[in-house]
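A.B. asks: Predicted model and sequence follow; I will ask about them next.
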Amino acid sequence: MTLSENSGEMLNITINGSPVKAEAGKTILEVAKDIGVDIPTLCYNPMLEAYGGCRLCVVEADLGRRKKIVTSCNYEIWEGLKVETDSQRVRRSRRMTIELLLARCPEVEFIKDLALKYGVHDPRFPLDHDDCLLCGLCVRICNERMGVGAASLVGRGAEAKMDTPYHIDSEVCITCGACVSICPAQTPRLKKISGREPIMQESEFELGLKARPNIYIPFAQALPNIPVIDRDNCVHFYNDACRACQDACPAGAIDYTQQDELIDLKVGAVILAPGFCAYDADQKPEMGLVKYPNVISSLQFERILSASGPFLGKVVRPSDKRKPDRIAFIQCIGSRERENNFCSSVCCMYAIKEAIIAREHEASITCSIFFMDIRAHGKGFDLYYERARELGIEFVRSRPFRVEEERDSRNLTLTYEGEDGGYNSREFDMLVLSTGLQPPKTSGEIAAKFGIETDCRGFALTRPFEPVSTTRDGIYVCGPFSEPKDIPETVVEASSAASCAMVALSESRGEDVTIFELPPERDITGEPPRIGIFVCHCGKNIGGVVDVPSVSNYAAGLPNVVYAEDNLYTCSSDTQAKIKDKIKEHGLNRVIVASCSPRTHEPLFQETLREAGLNPHLFEMANIRDQCSWVHMHEKVLATEKAKDLVRMAAAKVRLSQPVTSIRLPVNKRALIIGGGIAGLTSAVSIAGQGFETVLVEKSAGLGGNARELTTDLYGNDVASHLDALIKEAERNDLIQIMINSEIEHVDGFIGNFNTRIKTAGKNDYTEIEHGVALIATGAVASVPGEYLYGRNRNVKTILELSGEIDREDFIVPETAVFIQCVGSREDANMYCSRVCCRASIRNALKLKEKEEKTNIFILYRDIRTYGFSEEYYTLARERGINFIRYDLENKPEVSANGSGVSVKIYDSILKTGLNIKADLLVLASRIAPNPDNDELSKYFKVPLSSEKFFLESHVKLKPVDFATDGVFVCGLAHYPKNIRESISQAMAAGSRAVTVLSRDTIDAAGKVAVVRENRCSGCGACVQVCAYNAVSLDEERQLVTVNEALCKGCGACAASCRGGAISLRGFTDEQILTMLKNF
Amino acid sequence: MDGNSMWEPKIVAFLCNWCSYAGADLAGVSRIQYGPNIRIIRVPCSGRINPLYILKAFQNGADGVLVSGCHPGDCHYISGNLVARRKFTLLKNFLVYTGLEPERIQFSWVSASEGQRFAALMDKVIADVRKTGPMENQIKEPRLAYD
């Protein structure tokens, strides 16, 4: 049965000698288009009534007694009609029309192209140089579709033209722009009608670099991936006319009557994640974003670099679409200034990234970054910064204050003060403004709606040691709404907000879950394959190009196929019911749907199979839409052939498909946390708060870790009392078992089923702990400086030592104190930033100033990295008279003993002179070094370390607390240096991620995993090396490998690496792929 | 073949599910046209592709083979694409050494957002292979562990 047999009366006609069946009522042009015969048109548009005015679409119709030239766009077919679309007579007629049009509009590209195609060169008629082809499309769309009728074609013959009544600017024109968009000559018709310049409807996603229609999919990967209508600008919502999109949609999905809905939800907690709003650089007219086209914002440049962006990844500047040879980035636009006294934290890195990518696209581009301090304080960032310098990206330490455009070249001249103090001017082809992060525009509205407080700028206020809790209980916040931050910190906060919400709601966990009952799976063992194939028309999407009934007929003849049919929409709910019926009726045990992408629709059909009692893996899809009909629209015959090939390949594959049952493993609902510092404690309290048992193992004799050394944080919050309260809370909680003086001796098992042996000092026995997840929170250590007289002069201290002493009663305030930053960080083997030292030094320097206003303080730094809101304290420190002197690695300070104190020699690049500072206190911001235990621990849990020896997470941006090995998580300083708030946030996130495992009773392994055929395995271990998840292991005794189904992610790298063909991947077996190759 | 008897190459493309297959889908959603000579085989990861498949594709009459995965660093399975890269560099060197034209065996990276790039890549591969001409049994049936 095919679909087409059900439709209206079918007529037999002949086009160019080939017989064609077509529906009555269609025109010759429509039928020709359907079968892929090309007929040129000008005045024809499927949205409008056929007009027959341009006479380009002429064809030769055989009327029996004579042949006649007719316009195919408005000539309806009749039974037995014979048509020639490309005969000599037709071509002669078209050539004449084209010659006349070319004489009228010799500059119009559309006609020039057509003339080339038909071999028309120099018209024999006098040239008019008009820009209007008189096709009437603009007039007709205005009248028929937009319901306006602002203009019409007036005059006759040579005098004909498009004009408004009385030749005056139209009063009825609604400036919708339909006339502009339909005009084949691309003439700005709107101006002639209304007297107004057409304005481009800017695509929000492309930040104004590209236009968009009023019905549009916001961006390529939008979820859901369906169009929306811009009701503010859509003509239909203005005057009820148009409806072009409704007529064009074969599924009838356009519903203009949809209204916004108000939905009442009863919830126990709210998480606010409204993101940020880029700083509006229009507020800085001196930087030229509004005035000069070649000054763009960093987000716009991000779009330009994107392969799917407005210029398809070509680096061009907006004014002339030419490659810019010199690009300058200007940092801190809307950050680190009086009105926005905070650092946006991300701009330095994104500017460096954009500069590197621009050079990757076009190696000849030079990039210069104008900056104040490079804030590369994140994991791996300093290495990236170094790489950028090696690649030749120029870094200029200056804040340009003026931008001027050169009139002819549209290049930009930048004026700035150089490091030598003199004014410099340099010309660039394009400027990128690194705009900062601002709170969302609706921040005030959000705050009022939810009853939370924001700071004066509109960022959400949070509590001192609860980084995601707003000022109102039960309402949490994550991401840059509370402070500008990068992606990893945002993702961490998202998980920690989830954790806070789950602690609050732990009692009602699982309450609203309904379990869907499925019929038992049919056992198909021993049955020969009985394949059912469903071929989809997808309205016109597939059916308009591919001959779907013939594909379905072809499929019916393939081996083992017992049923084939075609459907208008295979994904519709009535077809699902039909598929289930057919499975039962024909005893199908394999199913193929030939339609769209398995990436979007496979789960839907698999569910249908499962509901019909078939294993969902007895299913394949042939993608005959996204990868066939949509990309071969003009090659209908070849597209149909390809569709048949794809169906044949899928049938060959599914014939060998076997049911896949996912194995279920029980989950031990206990967490093991290694490390009793602030991160470990916070995780323990978070996991216990969600109702799960926790064992906290601490190597030393007491809890608290590095935080014990601190009294207050930068903002003056009392760290010590928070830590005390946290320790008490952990000790009091019955679900938390604390083991001090204890170390890990051995780890066995995998997610849900770990078994760890713990050795406690002073005890002879080991303790065996069974647990479902493990959290690594082993912290870091303060490195001991080997330079600047540390350890040899009592006036030299580390910043951590000073932090411990400064609040004591007997602390003597020095007359002169010098702080040296980056001691041991950002050089040689330790090319990373310790992240917290700039804040720590400024905090202690301010404390010294509070105690004694007259103290002289010098902070010797390389870049001040007070990211986020801590920038305020940098400003404050300068206001309080603290001296900041910058040094380079080539000119490091020199320290010597000097009587009762030390003297520090430093070259001041602003004063251009060497300084010799006599100080009675020298404070070293020493590096935060990874815990020496990391190496051993990483082997126990089979998780990797970074080159600096911190733990390496699964994905540095998107999975900041997970490891590639399931069931193991990381938080706190073990991951990378960070401040207390960030440690707390990450600890809660790790707790939240851990509970996603603990809250389950069983874990379903993916099912489509690797399996070992033991008789073929030689135990060479090649597969063990390629597995990124430690799922394959070598059984030394039996000389065989085994796959842990709970850890296997089904990538198949092991299968492809096996020399003996001993490993197979379920769902993608060698046999399946080879049979597809035989059938391609 | 649309009344045209000109020889057209047949090409097998192995695409990883997460990036390149998605890129091919995006080319479709964006209606970017390219030649109909490609038959796509979806695999979970480019690391899944056994070099044997490429030989088998040629044996079964393919005039060209394309393997495309995620960009380096973007692999859904952490490092599968890097494993694939090592393998195919070796295989390609070997096949070229045995006399196969390098245009017939191509590797690329296409991300899920690069629909345009995918279509351009398809046209490039088709044009390359078309220029090289039909395969004409260059690879004989060797005996392999699988047979």
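C.D. replies: Nice, thanks for sending it over.
A.B. asks: domain assignment for chain A?
C.D. replies: With domains defined by automatic domain parsing, chain A comprises A:4-86, A:137-194, A:277-438, A:452-508, A:531-655, A:666-779+A:939-1003, A:793-929, A:1005-1078.
A.B. asks: contacting residues for residue 126?
C.D. replies: Picked chain A for this. Contacts of residue A:126 were listed using CB atoms under 8 Å, 6 or more residues apart in numbering or on different chains, and they are residue A:103. All C-beta spots, glycine's among them, are computed from the backbone N, C-alpha and C.
A.B. asks: let's do chain B instead
C.D. replies: B:9, B:11, B:34-35, B:37-38, B:64.
A.B. asks: ok, and of the residues you listed, which contact chain A?
C.D. replies: Checked against chain A using CB under 8 Å from any CB of the partner chain, these yield the following neighbours: B:34-35.
A.B. asks: Let me know the closest of the contacts of residue B:126 to chain A.
C.D. replies: Nearest to chain A among the contacts of residue B:126: residue B:34, at 5.6 Å, using CB to the nearest CB.
A.B. asks: Restricting to C-alpha, output the helix or strand harbouring residue A:555 in CSV.
C.D. replies: Element membership for residue A:555 (DSSP states H and E) is helix A:548-556. This file holds the C-alpha atoms of helix A:548-556, laid out as CSV (Å, rounded to 0.1, in the frame of the first residue of the first chain):
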residue,chain,number,x,y,z
VAL,A,548,9.1,7.2,-1.1
PRO,A,549,6.6,4.6,-2.5
SER,A,550,9.3,3.1,-4.7
VAL,A,551,11.7,2.9,-1.7
SER,A,552,9.1,1.1,0.3
ASN,A,553,8.4,-1.3,-2.6
TYR,A,554,12.1,-1.9,-3.0
ALA,A,555,12.5,-2.5,0.8
ALA,A,556,9.7,-5.1,0.7
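A.B. asks: touching chain B at all, it?
C.D. replies: No - Helix A:548-556 does not reach chain B (CB under 8 Å from any CB); its nearest approach is 14.2 Å.
A.B. asks: Name the residues of that helix that come out as buried.
C.D. replies: By neighbour count with 16 or more other CB atoms under 10 Å in any protein chain shown, helix A:548-556 contains the buried residues A:548-552, A:554-555.
A.B. asks: just so I have it, where are all the strands in the stretch 251-400 of chain A?
C.D. replies: Ranges of strands in the stretch 251-400 of chain A, per DSSP state E, counting those that start in this stretch, are A:270-272, A:277-278, A:295-297, A:326-333, A:366-371, A:394-397.
A.B. asks: For chain B, state which of the buried residues of helix A:548-556 is nearest.
C.D. replies: residue A:551 (14.2 Å).
A.B. asks: Was I right to think the closest one contacts residue A:566?
C.D. replies: Yes - between residue A:551 and residue A:566 there is a contact under CB atoms under 8 Å: 7.5 Å.
A.B. asks: who touches both of the two?
C.D. replies: Residues touching both residue A:551 and residue A:566 by CB under 8 Å, 6+ apart: residue A:535.
A.B. asks: Dihedrals phi and psi, whatever residue of the stretch 601-750 of chain A ends up closest to chain B?
C.D. replies: Nearest residue of the stretch 601-750 of chain A to chain B, counting by CB to the nearest CB: residue A:626, 3.2 Å away. Note on residue A:626: its backbone torsions stand at phi -60, psi -30 [degrees, to the nearest 10].
A.B. asks: Local confidence estimate at it?
C.D. replies: Turning to residue A:626, the model gives it a pLDDT of 94.
A.B. asks: and stretch A:54-72, average pLDDT?
C.D. replies: The average pLDDT within stretch A:54-72 is 92.
A.B. asks: Flag every buried residue along that stretch.
C.D. replies: Neighbour-count burial for stretch A:54-72 flags A:54-61, A:70-72 (criterion: 16+ other CB under 10 Å).
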